[in-house]
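**Student:** Structure for this input, please:
(2 chains)
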There are 2 protein chains.
Amino acid sequence: MLVVKKRFAVQQFRFETGVTLPVEIGYETYGTLNEDRSNAILICHYFSGTSHSGGSGYLEDPDERTAATLRPGWWESLIGPGKAFDTDRFFLISSDVICNLHPRNPYVVTTGPATIDPQTGEPYGMSFPQVTIRDFVQIQRQLLDFLGVETLYCAAGPSMGGMQALQWAVEYPERVRKVIAVITTGQTSAYTSVMPLQIGIDAIAQSPQSGLLLASKALTIQSDNKLADTVWRENASTSMPYQTAIEEAIRKNIVDADPLHWLYLARACQTFSLQQGFDSLQEALSRIQADVLLIPCDTDRLFPPEESRCLLEQLRKAGKNAEYYEFSSQRGHYAGVLEGEKIAEPIREYLLRS
Amino acid sequence: MLVVKKRFAVQQFRFETGVTLPVEIGYETYGTLNEDRSNAILICHYFSGTSHSGGSGYLEDPDERTAATLRPGWWESLIGPGKAFDTDRFFLISSDVICNLHPRNPYVVTTGPATIDPQTGEPYGMSFPQVTIRDFVQIQRQLLDFLGVETLYCAAGPSMGGMQALQWAVEYPERVRKVIAVITTGQTSAYTSVMPLQIGIDAIAQSPQSGLLLASKALTIQSDNKLADTVWRENASTSMPYQTAIEEAIRKNIVDADPLHWLYLARACQTFSLQQGFDSLQEALSRIQADVLLIPCDTDRLFPPEESRCLLEQLRKAGKNAEYYEFSSQRGHYAGVLEGEKIAEPIREYLLRS
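**Tutor:** Below you'll find the predicted structure:
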């Protein structure tokens, strides 16, 4: 399955802060929208993810197709013909967020602090307005309007993507039938707000480039329970350990990343709460019309299963149709992306159920 | 109970690395050594602790006694007349480690990177030799020799103090009768080696002073499960959170701290393994003659109870007399210091048992 990266531009995007700016995001689609436009699924990406969630490769221009660009999507294990998100059956839309972490990735389209401000000819930098998960949902809503998709059969995503999926159901209750929220939370905890998010923000504020490395290391170690175990022991001399291999692995992931985009995304995640804008979480949840499936990982340090269980309980208290599937992995948080096969069956079954 | 801070100096202390330097540490004693010198207990301090573990105040010189110095010790809940470590019954020795975090605290005596190198008239800085938990045990052993204490009735401590207590039993099996190792581990995990220790080391290497703040924040958040919860929400404006109060709390704790001392202590903890110097952990543990009591806290993120259970199993496999008492707290790691009353009874009972 080859995919084409498309560009969606809003001339006057109004941020939650009230500021208005031109904003662009990239998106991909897989599968075909059916006649009654009832089979659309929105896939929302995680913190360091992109709109390339599925498809075996990119194809902007057939002449440009190279081996390097034919990389699997980050949820390749779940997205494709016959897979859990079955592209023979569903029409999938996968979009970049505003302030995507990788503005220098040629297959990411995003607007953020690294974007040139047309007024000054310089990057926006810290003058870029603070973004929120609701801003991400807002521009996705405009993208769906543009694509002629009134109702989502499902909004889904892992981690920060799951926040967006849940926020969709609160923000546009009549437009979402199902939500699949993987390894996520209904409100970022104080612990995760500080460790790793504020630690990373502080490091970037001190020194953007070396701070980005430290921030990414903190986030990665908190997200991937195996990375430290695998890398630390083999590289640590007992008298003077230094995890060169962890750094190497992380440097690769941030080669096209921008420190201020990391900082802005971290703030968006810190401030995430479904309650935002309502007097209580119950009031926010009571708006939801969608069925909700929560899928936490048992060893997740960022968003431990307790948080999903707490949200499940509150959804049910609000009379919603909420389900819970906890899967097991030694990997921790990242298992929700890296071990998609473990959650394929519950997702497939949930999507086929009427 | 007023205590006097004493100074112990070794003219030619030989570090594990082989380097020899003059080293001084501070110590306090509580209670009285009995005639057959059989009632001595060594209290070892945690990462950011000092030799002031008990006693209601300092008294170097009666004329110098001020309210400011009359602070309770960090294990005041456990140390004193009639308390778990009963100073009417036992003779307690509590010493500073080499590279103690607080070289500018007037009641700490330590030698480390912030100490003036007599050869150059400048601080040692990074030319100071790397220290290990075994170095801490080594100078404590010399202190005990000086005090005429051949055998410890017990070696005890929380966290990094527990590492020392366990290392004592491996290093000098014939000199330790009991070990009480609270909220600690037999080998620092890869996770804790990176988060928070390497994150802190990296931050300090980038910028010593602001790095020290970040390092301490990371360590504190990982150690105190309540601090983030308490402070984050009340100070976070939803649009732009910043945990000023967390920073304020942490700044107070590091006012007399030195960034390089943090870095050196972090490395000492990263490299800690009872196996160090032996072919296997079993071989190391088989040397132990002491009875061992392990006391983890159920919500500890730095040294989770699994690590104590694992050590317990290996001690028993090696035929040792090992016991386990897991206590419960929402506070996490620091509960082993801050909620001493929760572990007072098992410690009292363990010490009285013959």
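
**Student:** ranges for the strands of the stretch 101-250 of chain A?
**Tutor:** Listed in chain order, the strands found in the stretch 101-250 of chain A under DSSP state E, counting those that start in this stretch are A:152-158, A:176-182.

**Student:** what does the stretch 251-354 of chain A give?
**Tutor:** Along the stretch 251-354 of chain A, the segments classed as strands by DSSP E, counting those that start in this stretch run A:291-295, A:322-324.

**Student:** Run the angle between the longest one and strand A:152-158 for me.
**Tutor:** With axes from the mean of the first three to the mean of the last three Cα atoms, to 10 degrees applied, the angle from strand A:291-295 to strand A:152-158 works out at 20 degrees.

**Student:** quick one: strand A:291-295 to strand A:176-182, angle?
**Tutor:** Counting by the same axes, to 10 degrees, strand A:291-295 points 10 degrees away from the direction of strand A:176-182.

**Student:** Low-confidence regions, chain A specifically.
**Tutor:** In the predicted model of chain A, residues A:1-2, A:56-70, A:233-245 satisfy pLDDT under 70.

**Student:** run the last query once more with 80
**Tutor:** Regions of chain A meeting the criterion pLDDT under 80 cover residues A:1-3, A:56-70, A:230-249.

**Student:** What helices and strands are in contact with the longest strand seen in chain A?
**Tutor:** Among the segments of chain A that qualify as a strand by DSSP state E, the longest is strand A:20-30. Contact here means 3 or more Cβ pairs under 8 Å, 6 or more residues apart in numbering or on different chains; DSSP states H and E; on that basis strand A:20-30 packs against strand A:2-3, strand A:6-14, strand A:91-95, helix A:133-147. In short, each C-beta sits where N, CA and C put it, glycine included.

**Student:** Using a markdown table, lay out these together with distance to chain B.
**Tutor:** Putting the helices and strands packed on strand A:20-30 into a markdown table (distance: least, Cβ to the nearest Cβ, whole Å) gives the following:
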| stretch | distance to chain B |
| --- | --- |
| strand A:2-3 | 36 |
| strand A:6-14 | 15 |
| strand A:91-95 | 24 |
| helix A:133-147 | 11 |
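
**Student:** Tell me which of the ones you listed sits nearest to residue A:179.
**Tutor:** With respect to residue A:179, and counting by Cβ to Cβ, the nearest of the helices and strands packed on strand A:20-30 is helix A:133-147 at 12.0 Å.

**Student:** how many other residues sit next to the residue of the stretch 1-150 of chain A found nearest chain B?
**Tutor:** Of all residues in the stretch 1-150 of chain A, residue A:130 sits closest to chain B, at 6.3 Å by Cβ to the nearest Cβ. With neighbours defined by other Cβ atoms under 10 Å in any protein chain shown, the count for residue A:130 comes to 18.

**Student:** Tell me how far it lies from residue A:19.
**Tutor:** The gap separating residue A:130 from residue A:19 is 9 Å, by Cβ to Cβ, to the nearest Å.

**Student:** Give me the distance between the two termini of stretch A:165-177.
**Tutor:** Stretch A:165-177 has its terminal residues 11 Å apart, counting by Cα to Cα, to the nearest Å.

**Student:** still on that earlier bit, just name the most buried of the helices and strands packed on strand A:20-30.
**Tutor:** Mean neighbours per residue, mean count of other Cβ atoms under 10 Å in any protein chain shown, is largest over the helices and strands packed on strand A:20-30 for strand A:91-95, with a mean of 26.

**Student:** give me the number of residues near the residue lying closest to residue A:299 once chain neighbours are set aside?
**Tutor:** Leaving aside its chain neighbours, residue A:299 sits nearest to residue A:332 (4.7 Å; criterion: Cβ to Cβ, 6 or more residues apart in numbering or on different chains). As a burial measure, residue A:332 scores 24 neighbours (other Cβ under 10 Å).

**Student:** Quick check: residue A:332 touching residue A:303?
**Tutor:** No: under the criterion of Cβ atoms under 8 Å, residue A:332 makes no contact with residue A:303, lying 10.3 Å away.

**Student:** tally of neighbours for the closest residue to chain B within the stretch 51-200 of chain A?
**Tutor:** Using Cβ to the nearest Cβ, the point where the stretch 51-200 of chain A gets nearest to chain B is residue A:190, with a distance of 3.6 Å. Using other Cβ under 10 Å as the criterion, residue A:190 is surrounded by 25 other residues.

**Student:** I'd say residue A:82 and residue A:89 touch.
**Tutor:** No: counting by Cβ under 8 Å, residue A:89 is not a contact partner of residue A:82; they are 9.0 Å apart.

**Student:** These two - which one has more neighbours?
**Tutor:** Comparing residue A:82 with residue A:89 by neighbour count (other Cβ under 10 Å), the higher total belongs to residue A:89, at 16 against 9.

**Student:** my guess is the more buried one contacts residue A:32, does it?
**Tutor:** No: with contacts counted by Cβ under 8 Å, residue A:89 stays clear of residue A:32, the gap being 9.6 Å.
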